[in-house]
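# just coords:
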C-alpha cells in the first residue's frame, strides 16, 4: 500500500474514483492503481465545485440545429420542416440550458490536486462525504494541537 503523498512528478490534477476515510486520513482509489493514503496533516482543502458548459460551446450546440432547420426550410415541405425543427431545436436547447456537472476536489499542502467527476444525482451523497471528512479533519487537528 502506498502511504504518504504522491510524488511531485505526477500531473497537477489526478483523477480518483472512490474516496474512503479513516481516523488518520483519506484513501483515494483510481481504477487498478494502488490505493493512495493521504494523512490529514497533508490535507489542505476538500470541496465540491459546480461547472457549466462554456458559452462558446453553448452557442455552437444551439446554432448547429438551426443550421439543419435552415436546410429543412430550403429543401423540405412545410409540415416536415416544422416537425424537424421541433425534434431538433427544443430537446437540444433544453439539454444545453440544464447541462452542468460537479467535481469533488481534494487539495494537498504540497499543491497536488485530486479530482472526481460527480453526476448531478450523486451530489448530495458526496456532500455528506465531504462533511464527514471535514468533521474528521477538524477532530484530528483539534486532538493534534492539544497540550500533552
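Okay, I see it. What you see is a predicted model; the values in this text were computed from it and never measured. Numbering: from 1, shown residues only.
# Confirm for me that residue 18 is in contact with residue 31.
No. If you go by CB atoms under 8 Å, residue 18 and residue 31 don't touch, sitting 9.9 Å apart. To be clear about C-beta, it is placed using only N, CA and C from the backbone, and glycine gets the same treatment.
# quick one: which of these two has more around it?
Remark: of residue 18 and residue 31, residue 18 carries more neighbours, 11 against 8, as counted by other CB atoms under 10 Å.
# ok, the residue nearest to that one when sequence neighbours are not counted to residue 50 distance?
Counting by CB to CB, 6 or more residues apart in numbering, residue 18 lies nearest to residue 29, which is 4.7 Å off, once chain neighbours are set aside. Per CB to CB, to the nearest Å, residue 29 is found 24 Å from residue 50.
# any idea how far the residue of the chain lying at maximal distance from its centre is from residue 71?
Farthest-out residue of the chain from its mean C-alpha position, per CA atoms, centre = their mean: residue 77, at 44.5 Å. Taking CB to CB as the measure, residue 77 falls 13 Å from residue 71.
# for residue 90, same thing?
For residue 90 relative to residue 71 (CB to CB), the value is 18 Å.
# repeat for residue 111
Applying CB to CB to residue 111 and residue 71 gives a distance of 50 Å.
# and if you look at residue 143?
Where residue 71 is concerned, residue 143 sits at a distance of 68 Å (CB to CB).
# Please say which of these two ends up with more neighbours.
residue 71 (12 against 9).
# Residue 29 and residue 50: who's more crowded?
residue 29 (14 against 11).
# The more buried one touches residue 37, doesn't it?
No. Counting by CB under 8 Å, residue 29 stays clear of residue 37, with 10.5 Å between them.
# neighbours around residue 106, how many?
Residue 106, neighbours per other CB under 10 Å, totals 22.
# wait, what's in contact with it?
16, 19, 26, 28, 38, 43, 45, 46, 113, 114, 115 (CB atoms under 8 Å, 6 or more residues apart in numbering).
# Counting neighbours, which of those residues end up buried?
Buried members of the contacts of residue 106, scored by 16 or more other CB atoms under 10 Å, are 16, 19, 26, 28, 38, 43, 46, 114.
# Keep only those of the residues you listed that are in strands.
Cross-referencing the buried ones among the contacts of residue 106 against strands under DSSP state E gives 19, 26, 28, 38, 43, 46, 114.
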